[in-house]
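Participant: I'll drop the sequence and a predicted model, then ask my questions.
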Amino acid sequence: MPKNQKKQSPSATPSALNVTLVAAGTMAIGVGAAALALLATSRRKANPAEHAAPDLAADAPPVDIHTRAPDAFRPDPTAPVPPELRESLRPATGPAPGFATDRGTAAATGGQ
């Protein structure tokens, strides 16, 4: 080995330096992305159309039979039903609809 050349340490090789730079760059991008996400979530404004629902809060008193809606929000059971709404308010009759047939129904009707 000539006297003019210095021996390079293994940590100062170009490939190790490249790996270190890539790792530092990746970490900087991750920290920047986390800072941007934190900034974006902290600046979110509340929707003015939304309002607090104190009856749904975790510390709200439990609802029981004595807790009722205000009079203005209770339906009037004696109110007349308009003729155009009578069909939609009629109780359902007959079997409930389903996706699968009962056992023996397909065989009895010929698979229809």
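Facilitator: On my side now, so go ahead.

Participant: how deep is Pro75 tucked in, by neighbour count?
Facilitator: Residues near Pro75, counting by other C-beta atoms under 10 Å, number 7. C-betas here are computed from N, CA, C, even on glycine.

Participant: Now do the SS call for it.
Facilitator: Secondary structure, DSSP: H, G, I helix; E, B strand; the rest coil: Pro75 is coil.

Participant: lowest-pLDDT helix or strand in this structure?
Facilitator: Of all helical and strand segments in the chain, the minimum by mean pLDDT, DSSP states H and E falls on helix 105-108, at a mean of 57.

Participant: Determine the longest helix present in this protein.
Facilitator: Criterion DSSP state H: the longest helix present in the chain is helix 14-42.

Participant: What mean pLDDT does that one get?
Facilitator: The average pLDDT within helix 14-42 is 88.

Participant: going on from it, what's the next piece of helix or strand?
Facilitator: For helix 14-42, the succeeding helix or strand toward the C-terminus, using DSSP states H and E, is helix 83-89.

Participant: contacts for that next one?
Facilitator: Here helix 83-89 makes contact (C-beta atoms under 8 Å, 6 or more residues apart in numbering) with Val81.
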